[in-house]
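Asker: Quick one, fold the following:
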Amino acid sequence: MTSRKPIRAAQTSEDQTVTPLELFFDLVFVFALTQITALMAHDISWHGVLRGILLTGLLWWSWIGFSWLCNLVKADEGSVRGVLLLAMAAMFMIALAIPEAFDDLPGGLPGPVVIAGAYFAFRALHLVLFWLIADGDAVLRRTLIRFAPSMLGATALLLIASQYDGTTQTLLWAAALAVDYGGTYLIDARGWRFRSAAHFAERHGLIIIIALGESIVAIGVGVTDLPISWPIIIASLLGLGVSAALWWIYFDATVHYGEQSLAAEAPETRPKLARDAYTFMHFPMMTGIVLLALGLKKVLEYVGDTEHHHLDDPLKGVALFALYGGVVIYLLGHVGFKWRTMHKVGVSRLITAGLALIAVPLLSKVPALGQLGVLAALLAGLVAFESVRFAQEREQLKHGEQHA
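Answerer: Here you go, the predicted model:
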């Protein structure tokens, strides 16, 4: 049924599923992730990685806004469809400018300014559309008014940052994201509206799938123009195994208990749970996957590029941190998610994250292929343990969901 609003929009139902247009929108997001990975690989330094994380945060905050909006109105009906396509164009501009996000190339438009302008356009489209569909809902409109200053402040800081370079520029970027994220967190979440737990959980599960797909793309990109060899084959299969383990960790149980917790939450506190568990706790998962993609890309370069590396060369410093630290951050995101949704500590995942951290200095002289093998073995051990230890709980979880 079409709502009587200033725009044409159809409300979602409680059992709403993700629309093809939302998946189409996500294609730009995955392109942007590949751009971030390439940028960090080009500047493989701590400063470069920090900038990659900041860019991931900017993209995540862009994407997350429409996950909330499309939980209330259908993405592929009425005026919402056109606005979403315009937002998609704005995100595409951000993605195209990522190679010049911090260091502008000679000629053409200034990359940092393009990103700041496209980010403002994206967020403005989201805010205006939200305002229009909130017609008649005074509480939601007051929440949007409180929300607007953080968006405007973040954009202003990005524009200021575009006039600087080096550490100052990076610090201004960090301040912009702190304003945007912090402003959202400080707003009373009860003022937001939330309709479909099924749609929200599925939406976030699919973006995790897309990000994991980018980690697999990084494996292939790492050996572009290199002759196929046994080390490349072994490293590629190990990398695929690591990505598969991260998939299992999320989709075997997390996706189920997350959705069930949202559905069971009282309506007045459900937006706060969705904000904490999905908007915030999924960010470290996304960041971890992006860092892992960088680590996998470097491993494949080390084992495949015989002109610049020997097979016994180990990953060091930033590259080794990306490989192992990405998995650690991903697992810690899961620990936080489980605590917020079920009030339980994911002990096995916490222990695995700890073991991965301990392994980093111990493996500093092990060849890159061996470092990847140890990481794959750690995650395989976690998957095997949880498959046996929590088999009954998982069966009940899935069985209960199917008959809910």
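Asker: mind checking the SS state of the residue nearest to residue 251 when sequence neighbours are not counted?
Answerer: Among residues not flanking residue 251 along the chain, residue 205 sits closest, at 6.8 Å (CB to CB, 6 or more residues apart in numbering). All C-beta spots, glycine's among them, are computed from the backbone N, C-alpha and C. The three-state assignment at residue 205 reads helix, by DSSP: H, G, I helix; E, B strand; the rest coil.
Asker: I'd like to know how far residue 205 sits from residue 188.
Answerer: Distance of residue 205 to residue 188, computed by CB to CB, to the nearest Å: 27 Å.
Asker: could you point out where the stretch 301-404 of the chain is predicted with low confidence?
Answerer: Low-confidence segments of the stretch 301-404 of the chain (pLDDT under 70): 399-404.
Asker: Show me the helices in it, by range?
Answerer: Assigned by DSSP state H, counting those that start in this stretch, the stretch 301-404 of the chain shows helices spanning 317-342, 347-362, 368-389, 391-402.
Asker: For stretch 26-39, give me every contacting residue.
Answerer: With contact meaning CB atoms under 8 Å, 6 or more residues apart in numbering, stretch 26-39 is reached by 48, 51-52, 55-56, 59, 63, 88, 91-92, 94-96, 98-99, 101, 206-207, 210-211, 213-214, 217-218, 221, 290, 293-294, 297.
Asker: So which bits of stretch 363-378 are buried?
Answerer: 363, 366-369, 371-376, 378 (16 or more other CB atoms under 10 Å).
Asker: I'd like to know which elements the helix or strand containing residue 60 is packed against.
Answerer: In this assignment (DSSP states H and E), residue 60 forms part of helix 46-69. With contacts taken as 3 or more CB pairs under 8 Å, 6 or more residues apart in numbering; DSSP states H and E, helix 46-69 sits against helix 20-42, helix 78-97, helix 111-133, helix 166-186, helix 197-222, helix 282-304, helix 317-342.
Asker: Out of those helices, which is closest to residue 257?
Answerer: Closest to residue 257 of the helices and strands packed on helix 46-69 is helix 317-342 (CB to CB; 5.8 Å).
Asker: before we move on, the earlier item: out of the helices of the stretch 301-404 of the chain, which one sits most buried?
Answerer: Of the helices of the stretch 301-404 of the chain, the one with the most neighbours on average (mean count of other CB atoms under 10 Å) is helix 317-342, at a mean of 22.
Asker: what's the spacing between it and its chain's center?
Answerer: With CA atoms, centre = their mean, to the nearest Å as the basis, helix 317-342 stands 12 Å off its chain's centre.
Asker: same deal with stretch 351-366?
Answerer: Centroid separation between stretch 351-366 and its chain, computed with CA atoms, centre = their mean, is 24 Å.
Asker: Go ahead and name everything in contact with it.
Answerer: If you take CB under 8 Å, 6+ apart as the criterion, stretch 351-366 is touched by 314, 316, 320-321, 324-325, 327-328, 331-332, 335, 370-371, 374-375, 378-379, 381-382.
Asker: One more: stretch 173-191?
Answerer: With CB under 8 Å, 6+ apart, stretch 173-191 has contacts from 51, 54, 57-58, 61, 102, 139-140, 142-143, 146-147, 149-151, 153-155, 157-158, 161, 268-269, 271-272, 275, 279-280.
Asker: quick one, what contacts residue 150?
Answerer: Residue 150 sits next to 179-180, 182-184 when contact means CB under 8 Å, 6+ apart.
Asker: go again using 10 Å as the cut-off
Answerer: 123, 176, 178-187 (CB atoms under 10 Å, 6 or more residues apart in numbering).
Asker: how about residue 198, what does it touch?
Answerer: So residue 198 contacts 12-18, 71, 259, 262-263 (CB under 10 Å, 6+ apart).
Asker: Please repeat the previous calculation with a cut-off of 6 Å.
Answerer: By CB atoms under 6 Å, 6 or more residues apart in numbering, residue 198 lies in contact with residue 15.
Asker: Can you give me the neighbour number for the residue lying closest to residue 21 once chain neighbours are set aside?
Answerer: In space, and not counting its chain neighbours, residue 21 is closest to residue 76: 4.3 Å by CB to CB, 6+ apart. By other CB atoms under 10 Å, 14 other residues sit near residue 76.
Asker: same check, this time on the one 10 residues further on
Answerer: Other residues within reach of residue 86, judged by other CB under 10 Å, total 13.
Asker: From residue 273, how far off is it?
Answerer: 30 Å.
Asker: Residue 138 and residue 274, how far apart?
Answerer: As judged by CB to CB, residue 138 and residue 274 stand 21 Å apart.
Asker: Look at the two and report which has more neighbours.
Answerer: Neighbours were tallied for residue 138 and for residue 274 using other CB under 10 Å; the higher tally belongs to residue 274 (25 against 9).
Asker: give me every residue that touches that one.
Answerer: Each residue near residue 274 by CB under 6 Å, 6+ apart is listed here: 194, 200.
Asker: That one: which element?
Answerer: Per DSSP H and E: residue 274 is located in helix 270-274.
Asker: could you give me the average pLDDT of that helix?
Answerer: Mean pLDDT, helix 270-274: 95.
Asker: try stretch 238-248
Answerer: Averaged over stretch 238-248, pLDDT sits at 96.
Asker: which outside residues touch it?
Answerer: For stretch 238-248, the external contacting residues (CB under 6 Å, 6+ apart) are 212, 215-216, 219, 296, 372-373, 376, 379, 383.
Asker: Next, residue 268: phi, psi?
Answerer: Main-chain torsions, residue 268, degrees, to the nearest 10: phi -70, psi -20.
Asker: tally of neighbours for it?
Answerer: 9.
Asker: Then residue 241?
Answerer: Residue 241 has 18 neighbours, counted by other CB under 10 Å.
Asker: quick one: contacts of stretch 285-302?
Answerer: Contact partners of stretch 285-302, identified using CB under 6 Å, 6+ apart, comprise 37, 40-41, 53, 56, 60, 211, 214-215, 218-219, 222-223, 235, 239, 309, 313, 319, 322-323, 325-326, 329-330, 333, 368, 372.
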